[in-house]
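Asker: Okay, sequence plus prediction incoming.
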Amino acid sequence: MAQRNMIHALNSAMDIMLGRDPSVVVLGEDVGYFGGVFRVTEGLQRKYGQHRVLDSPICEGGIIAAAIGMAVNGLRPVAEIQFADYIYPGYDQIVSELARLRYRSAGEFFAPVTVRTPSGGGIRGGQTHSQSPEALFAHVAGLKVVMPSNPYDAKGLLIASIEDDDPVIFFEPKRIYNGPFDGEPDKPAVPWSAHPKGEVPDGHYTVPIGKAEIVRGGNDLTIVTYGTMVHVSEATARKLGLDAEIIDVRTIVPLDTDTICNSVARTGRCVIVHEATRFAGFGAELSATIQEQCFWNLQAPIMRVAGWDTPYPHAFEWEYFPGQARVAKALKTVMEAA
């Protein structure tokens, strides 16, 4: 075991897979010589060479297309898109080619591609470096979509994604790369070394794709969330003194509906929290699923807390970000409902 932040945990995952499997390659903008804009791939090119860790041109469509070509020829590429905001030029390749390859070839070909990309705000990145587009990929049949909330899960889920024979879009909430964030920007930063999920094994292990985690047990209500908002939700429930059960979805697709719905059926109340824009966000799918399966158990309407339906503002970042005040308001409303 070692204390690692999320950057080091992700780096360890790729290091292990590059060492274990000669078919694994890493490619993307600045991933080699520079070690990635967030240093997630630091040292990997020096250790494994330029033929295993490749710097690409600034061309997201080309990165994804190259990764698909590598995959159908027997490699396991890990493609980095430098920011989730810039994944859209590669969206056509992901939707039209990557996600459909197994289906359109009747299983003759498959594409074990992992697309890593930092997402979310909270770093003063403004509208072009703060987006959370996970719902756009959750809607596409043939993709798995993952978003870890801590270093332990990040390493285990990334290894599981690289080993998976189907494409995985792996979102990394960059606000929590260096430590958990409770939604209050004026407080001193807390490192992962102060959190139990900062303890990360040195060797190979996996966290199963498709399995949510109950990070906090409780009986008053259920909070369903993922990424950075796990920590915001936990801090808010603790501050309010609520016996809230908090579920970290971890894997958006495939969704662990059993864990979520078993909890809501027991507590009878549910709040969904995510950073992405509210309208047609993944919270809408979560709400519909819970409503369909837990209708007769609900004691209050399901509530959603999310980003506003606007571009992520630079000047008003913390008004947009779903902080503790907005989460607390939703929790109180649900608890006060008859």
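Answerer: Structure received.

Asker: so Val115 is in which element?
Answerer: strand 114-119 (DSSP states H and E).

Asker: and that strand, what does it pack onto?
Answerer: If contacts are counted by 3 or more CB pairs under 8 Å, 6 or more residues apart in numbering; DSSP states H and E, strand 114-119 sits against strand 76-80, helix 151-163, strand 168-173. Quick note: C-beta positions are derived from backbone N, CA and C, even for glycine.

Asker: try 6 Å this time
Answerer: The helices and strands touching strand 114-119, judged by 3 or more CB pairs under 6 Å, 6 or more residues apart in numbering; DSSP states H and E, are strand 76-80, strand 168-173.

Asker: In CSV, list these along with mean neighbour count, distance to Gly179 and mean pLDDT.
Answerer: Listed next are those as CSV, based on neighbours: other CB atoms under 10 Å; distance: least, CB to CB, whole Å; pLDDT from 0 to 100:
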stretch, mean neighbour count, distance to Gly179, mean pLDDT
strand 76-80, 27, 22, 98
strand 168-173, 26, 12, 98
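
Asker: and those as TSV, adding distance to Val25?
Answerer: Formatted as TSV, the helices and strands packed on strand 114-119 follow (distance: least, CB to CB, whole Å):
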stretch	distance to Val25
strand 76-80	5
strand 168-173	15
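
Asker: Nearest to Leu286, out of those?
Answerer: Nearest to Leu286, of all those, is strand 168-173, at 16.0 Å by CB to CB.

Asker: Can you name the next helix or strand after that closest one?
Answerer: In N-to-C order, the element after strand 168-173 by DSSP H and E is strand 199-200.

Asker: what residues does that next one touch?
Answerer: Met1, Arg4, Ala9, Pro151, Tyr152, Lys155 (CB atoms under 6 Å, 6 or more residues apart in numbering).

Asker: Now list the buried members of the residues you listed.
Answerer: Taking 16 or more other CB atoms under 10 Å as the criterion, what is buried in the contacts of strand 199-200 is Arg4, Ala9, Pro151, Tyr152, Lys155.

Asker: If we only consider those, which is nearest to Asp309?
Answerer: Nearest member of the buried ones among the contacts of strand 199-200 to Asp309, counting by CB to CB, is Pro151, at 31.9 Å.

Asker: Quick check: the closest one vs Ile16, distance?
Answerer: According to CB to CB, to the nearest Å, Pro151 and Ile16 sit 14 Å apart.

Asker: and Tyr103, which of the helices and strands packed on strand 114-119 is closest to it?
Answerer: When those are compared by CB to CB, strand 168-173 sits nearest Tyr103, at 16.3 Å.

Asker: In terms of secondary structure, what does the closest one contact?
Answerer: strand 114-119, strand 144-146.

Asker: closest one to Thr128 among the ones you listed?
Answerer: strand 114-119 (12.8 Å).

Asker: what's the neighbour count on His51?
Answerer: Counted by other CB atoms under 10 Å, the residues lying close to His51 total 8.

Asker: swap that for Val140, sorry
Answerer: 18.

Asker: Which of the helices or strands spans it?
Answerer: With DSSP H and E as criterion, Val140 is part of no helix or strand.

Asker: That one against Glu97, yeah?
Answerer: No: with contact defined as CB atoms under 6 Å, Val140 and Glu97 do not form a contacting pair (11.5 Å).
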